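Q: Okay, structure incoming, though there's no sequence with it:
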């Protein structure tokens with residue numbers, strides 16, 4: 001933060017406003033919300049992530065990379081319940097802000113566990129719509145549905161060829 005003359009309140013306000021405008025906001029495109037949050041976790045960032053999806057919006061607060069609090073506007077949910085709802089929103093827009101609500105850990109669970117729980121209903125809906133179950137997705141031959149296949153004989157062990165009493169490898 002730049003130096004400011006404390007005797008000039010107008011300059012203080014202008015400097016603080018300028019700093020906030022330059023450093024407290026941004027937007028992220030081309031990265032999913034779960035991927036973005038994992039990057040913030042790895043980099044141990046303390047930040048507020050404002051998430052919007054349609055008419056809904058909420059905030060996720062991170063402290064040193066840990067998801068510690070969340071809030072959903074409208075419903076007023078906070079903590080883990082709010083985080084689970086926000087993480088399940090489709091096509092979210094992400095904006096970055098300074099976090100003022102990340103001093104107490106209201107959530108307590110690791111981000112990975114929350115992401116898995118938030119994605120579970122989407123996975124179940126996908127399987128139901130496709131009339132699939134995870135059990136019948138496995139196939140005996142993992143190369144069965146691949147666009148190209150090596151001939152099976154190319155991976156089978158081959159016996160050495162004999163030529164005039166001497167053994168040579170193929």
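A: Yep, it's here. As the structure is a computational prediction, the values presented were derived from the model and not from experiment.

Q: Where does pLDDT dip in the protein?
A: For the chain, applying pLDDT under 70 flags the ranges 1-2, 4, 19-29, 131-170.

Q: Would you map the helices across it?
A: 9-23, 33-42, 79-87, 111-129 (DSSP state H).

Q: Of all the ones you listed, which one comes closest to residue 57?
A: helix 79-87 (8.8 Å; C-beta to C-beta). For every residue, glycine as well, the C-beta is placed using N, CA and C.

Q: list the helices and strands the closest one packs on?
A: helix 33-42, strand 56-63, strand 66-72, helix 111-129 (3 or more C-beta pairs under 8 Å, 6 or more residues apart in numbering; DSSP states H and E).

Q: For the third one, give me every contacting residue.
A: Residues lying outside strand 66-72 but in contact with it, judged by C-beta atoms under 8 Å, 6 or more residues apart in numbering, are 37, 41, 56-62, 77-80, 82-83, 85-86, 101-102, 104-107, 111, 114.

Q: try 6 Å
A: Defining contact as C-beta atoms under 6 Å, 6 or more residues apart in numbering, one finds that strand 66-72 is touched by 58-61, 78, 82-83, 85-86, 101-102, 105-107, 111.

Q: any idea which of the residues you listed has the most stuff around it?
A: Top of those by neighbour number is residue 83, holding 30 neighbours under the definition other C-beta atoms under 10 Å.

Q: Tell me, how many residues neighbour residue 112?
A: Neighbours of residue 112 (other C-beta under 10 Å): 12.

Q: Over to residue 7?
A: 7.

Q: ok, now residue 92?
A: 22.

Q: quick one: residue 118 and residue 65, what's the gap?
A: For residue 118, the distance to residue 65 equals 18 Å [C-beta to C-beta, to the nearest Å].

Q: do the same with residue 84
A: 19 Å.

Q: how many neighbours does residue 130 have?
A: Residue 130: 9 surrounding residues under other C-beta under 10 Å.
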